[in-house]
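1. Turn this into a structure:
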Amino acid sequence: MHTWENRLYQLAYRALEQHHSSEPIQIHQRSLLEPAYAYCEQLTHLHSRTFYLASSLLPSENRRAVRALYAFCRVTDDLVDRAHGDVETSLTSWKKRSLASYPEEDDLVSLAWTDTRQAYNIPHLFAEQLINGVAMDLNKVRYKTFDDLTVYCYGVACTVGLMAMHIIGYRSQEAIPYAIRLGVALQLTNILRDVGEDWRAGRVYLPQQELDAFGLNEGDLATGLNHHRWREFMRFQIERNREIYAKAMPGIRLLKREGRFAIAAAAELYRSILNKIEEQNYDIFSRRAAVSTWGKLRQLPGIWWRSRSGDIRPSKKVTPVHQMLNNIGLTHFEEKGLGIGVLDERTLVQHPNSQPSPGELRNSYNTLFNGEDEL
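-> Next comes the predicted model:
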């Protein structure tokens, strides 16, 4: 076990140890909750097509709760990334409102989030840790070591997974280390994808110690040159990122069965960004590494099967999908210029009765093609 893992586990267990079941929240008009949750759904759909897709694979009650969680995170993040005026004062005010037991009735996100937090007994400190993690961007824009960076990853990503885990349900606290690893893996993928964008915003999340070890400096980020030292550096980063994903994925088995597909989809769709970076020969300066809508869709059946069978290793076997698509009424791929792709062979051939239901795939398809074409 790495040093950084022990450090992050201590943060998570502290939140659990300090948690006490909260009193029921005070909302004078419970009818206000429906428009509050509807607003959170709209916010999720607008800002994250991938999260919206993954959450659509959850049962309805879990789905709306997870989208309330996303809305809480989105508002927190926007207070820093789209800063206006006194950001620290705004964050302090938001922390007070979003974590209060008496939410203001005109604050839709706080209403839905507070109801979710109380209904699923989400530890208060996880939400505080997320707000504090996002606030790190106000004062800390460089990280000396990888261990230092993982503390940031914990604040902005692991906390989200730990809160989502309470909504979805999990077998025991044995699941917590896996959730932390997955949060770190997802945030590292974000960082590798957005190096150029973050540089232009004045932030460098890549560990300074590791840049130096590969003979790189911030001048290389400024020029955006894709030379051999940069490619070797990125190969190292991607290899480590994949290793953390691999150590995180077995934890999906510890979640309640009905939530495994959604979490596996979020993890595997995000992990596929690393493939896109490689396909671009590690050039993340001139274009953003993004997975196409068809690239997302064709992964879902394989993810669905693995999430239910307990096999978390992506299969390299493939088979045409036109027959399955015809069976579920999705016959107009050619009209969108997508052609015929491939899906996991074990899902379609060796286990023909274990395919996703037509409703599951059709809903995923509609979500994807009505949205933006990137993760």
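2. any idea how this protein splits into domains?
-> Here the domain assignment for the chain is 3-292, 293-375, based on automatic domain parsing.
3. Name the stretch among these that sits most buried.
-> Of all these, domain 3-292 carries the top mean neighbour count, a mean of 18, counting by mean count of other C-beta atoms under 10 Å. To be clear about C-beta, it is placed using only N, CA and C from the backbone, and glycine gets the same treatment.
4. circling back: turn the domains of the chain into a markdown table, including mean pLDDT.
-> Below are those laid out as a markdown table (pLDDT from 0 to 100):
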| stretch | mean pLDDT |
| --- | --- |
| domain 3-292 | 92 |
| domain 293-375 | 48 |
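5. I263 contacts G169, doesn't it?
-> No: I263 is not in contact with G169 according to C-beta atoms under 8 Å; the separation is 11.2 Å.
6. what's the overlap in contacts for the two?
-> Counting by C-beta atoms under 8 Å, 6 or more residues apart in numbering, the residues touching both I263 and G169 are L255.
7. Give the closest residue to A264 in space, chain neighbours not counted.
-> S307 (4.0 Å; C-beta to C-beta, 6 or more residues apart in numbering).
8. Also Y152?
-> Y152's closest residue in space is M136 (C-beta to C-beta, 6+ apart), at 5.6 Å.
9. Now for the one you found: which residues touch it?
-> Contacts of M136 by C-beta under 8 Å, 6+ apart are Y152, G155, V156.
10. Where does the nearest residue to the second one once chain neighbours are set aside fall, secondary structure wise?
-> Closest residue to G155 in three dimensions, ignoring its sequence neighbours and counting by C-beta to C-beta, 6+ apart: G133, at 1.7 Å. G133 is part of helix 124-135 when elements are defined by DSSP states H and E.
11. got the CA positions of that helix in PDB?
-> What follows is helix 124-135, C-alpha atoms only, in PDB (Å, rounded to 0.1, in the frame of the first residue of the first chain):
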ATOM      1  CA  HIS A 124     -21.400  15.900   6.800                       C
ATOM      2  CA  LEU A 125     -17.600  16.000   6.700                       C
ATOM      3  CA  PHE A 126     -17.400  14.500   3.200                       C
ATOM      4  CA  ALA A 127     -19.300  17.500   1.900                       C
ATOM      5  CA  GLU A 128     -17.000  19.900   3.800                       C
ATOM      6  CA  GLN A 129     -13.900  18.100   2.500                       C
ATOM      7  CA  LEU A 130     -15.200  18.600  -1.000                       C
ATOM      8  CA  ILE A 131     -15.700  22.300  -0.600                       C
ATOM      9  CA  ASN A 132     -12.300  22.600   1.000                       C
ATOM     10  CA  GLY A 133     -10.800  20.600  -1.800                       C
ATOM     11  CA  VAL A 134     -12.300  22.800  -4.500                       C
ATOM     12  CA  ALA A 135     -11.100  25.900  -2.500                       C
END
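12. what's in contact with it?
-> Residues contacting helix 124-135 (C-beta under 8 Å, 6+ apart): 11-12, 14-15, 18-19, 22, 72-73, 76-77, 79-80, 88, 91, 94-95, 98-99, 117, 152, 154-156, 159-160, 162-163.
13. any idea how far it is from the chain center?
-> Distance, stretch centre to chain centre, for helix 124-135: 16 Å (C-alpha atoms, centre = their mean, to the nearest Å).
14. Could you do stretch 186-194 as well?
-> On C-alpha atoms, centre = their mean, the centre of stretch 186-194 falls 10 Å from the chain's centre.
15. got it, and stretch 285-296?
-> Computed by C-alpha atoms, centre = their mean, the separation of stretch 285-296 from the middle of its chain amounts to 16 Å.
16. just the CA coordinates of that stretch, formatted as PDB?
-> Extracted C-alpha coordinates of stretch 285-296, given in PDB (Å, rounded to 0.1, in the frame of the first residue of the first chain):
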ATOM      1  CA  PHE A 285      -2.200  20.700 -26.500                       C
ATOM      2  CA  SER A 286      -3.700  21.200 -29.900                       C
ATOM      3  CA  ARG A 287      -6.900  19.200 -29.300                       C
ATOM      4  CA  ARG A 288      -8.900  17.700 -26.400                       C
ATOM      5  CA  ALA A 289      -9.000  14.000 -26.000                       C
ATOM      6  CA  ALA A 290     -12.600  13.100 -26.300                       C
ATOM      7  CA  VAL A 291     -14.600   9.800 -26.700                       C
ATOM      8  CA  SER A 292     -17.200  10.000 -29.400                       C
ATOM      9  CA  THR A 293     -20.800   9.300 -28.700                       C
ATOM     10  CA  TRP A 294     -20.600   6.100 -30.700                       C
ATOM     11  CA  GLY A 295     -17.400   5.200 -28.800                       C
ATOM     12  CA  LYS A 296     -19.400   5.500 -25.500                       C
END
